[in-house]
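1. sequence first, predicted coordinates after that:
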Amino acid sequence: MTTTTTNTATFTADDELACRSIGDHNCIYRFTVLGRTAKFVTLAHYGKTLRVGIKVDRDGNEFCYPFGSYSMAPTLRATGNR
């Protein structure tokens, strides 16, 4: 049996990430990763500091909901626009 390694995306300090609003395609949220622990990522967003829980998708890539989890919440992925 051969073992394959996959490249999974994780949040790392000083990453600059962005995601779009679901309701307005021209609205882009920009974040800077200030730091992370095993379960939380600390983000900077227009002078505010957010501490958000990290989630992992089925491919092993990390993502989070910086403004909370609701029906049209933006999703910030570690594989996002850098």
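-> Perfect, I can see it now.
2. where exactly do the helices run in this protein?
-> Counting by DSSP state H, the chain has no helices to list.
3. which positions in stretch 39-57 come out as buried?
-> Buried positions in stretch 39-57, judged by neighbour count with 16 or more other CB atoms under 10 Å: 41-43, 52, 54. All C-beta atoms are positioned from the backbone trio N, CA, C, and that covers glycine.
4. pick the one among the residues you listed closest to E16.
-> Closest to E16 out of those is L43 (10.5 Å), distances taken as CB to CB.
5. contact partners for that closest one?
-> 31-34, 49-52, 64, 66, 76 (CB atoms under 8 Å, 6 or more residues apart in numbering).
6. can you lay out the residues you listed as a markdown table showing pLDDT and distance to T10?
-> What follows is those, written out as a markdown table (pLDDT from 0 to 100; distance: CB to CB, whole Å):
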| residue | pLDDT | distance to T10 |
| --- | --- | --- |
| F31 | 96 | 15 |
| T32 | 96 | 16 |
| V33 | 96 | 10 |
| L34 | 97 | 15 |
| T49 | 97 | 20 |
| L50 | 96 | 18 |
| R51 | 97 | 17 |
| V52 | 97 | 14 |
| C64 | 96 | 11 |
| P66 | 96 | 16 |
| L76 | 95 | 13 |
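7. now, among these, which is nearest to F11?
-> Comparing the contacts of L43 against F11 with CB to CB places V33 closest, at 5.2 Å.
8. ok, A13 to N26 distance?
-> The spacing between A13 and N26, counted by CB to CB, to the nearest Å, is 29 Å.
9. quick one, which of the two is more surrounded?
-> A13 (11 against 6; other CB atoms under 10 Å).
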